[in-house]
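Trainee: With the sequence up front, the predicted model follows.
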Amino acid sequence: MLLIINVSVDDNIKKGIRKYNKGKYEDAIFEFSKVEKSKKDFEYYFYVGHSYSFAGMNDISISYYDSAYILNNESDKLFFERGLSNFIIGESNNALKDLDKAIDINPINAKYYINRGSIKYDLGLIESACDDWYFAISLDNKIIDKSIIEINCN
């Protein structure tokens, strides 16, 4: 006899991720809200946080990213996304710390340097921002138009 158990919690996470991947972030949040507390893992908290971020609710997203951090503090993507949310809500110093950590974990992601440069620029750290931007271009010369950087770095 074959016993098939329908795990609805996993289905809700899968449905939430599918909605997320389609850009339906509020629908994704709704699907994630159906997940039982005992089944909430890093992936759950990360995707809910990211969904809130894309839905323009970055202050809420940070609390979910913080919960994800408790479960996995070595995810460069987590630090990157939490950093962006912090930046959007005006917490540039926290954003910079998060982007620093993302780069510590994954030092070859040009996107991280572009965004960290923008945060540094916002904080008035112009020379350091320009260093990040130029380094990003050395990693991926298609990441951004070099002339845009030169306008801000000369």
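Mentor: Thanks, I have it.
Trainee: before we move on, which element is residue 44 in?
Mentor: Applying DSSP states H and E as the criterion places residue 44 in helix 42-54.
Trainee: what's that helix in contact with?
Mentor: 13, 16-17, 20, 23, 25-26, 28-29, 32, 35, 58, 60-65, 67-68, 71-72, 75, 77-78, 81-82, 84-85, 88 (Cβ atoms under 8 Å, 6 or more residues apart in numbering). (C-beta placed from N, C-alpha, C; glycine too.)
Trainee: List only buried entries from those residues.
Mentor: Buried members of those, scored by 16 or more other Cβ atoms under 10 Å, are 13, 16-17, 20, 25, 28-29, 32, 35, 58, 60-62, 64-65, 67-68, 75, 78, 81-82, 84-85.
Trainee: average pLDDT across the helix or strand harbouring residue 129?
Mentor: Assigned by DSSP H and E, residue 129 belongs to helix 126-139. On average, the pLDDT along helix 126-139 is 96.
Trainee: Mind listing what's buried along it?
Mentor: So for helix 126-139, counting by 16+ other Cβ under 10 Å, buried means 129, 130, 132, 133, 135, 136, 137.
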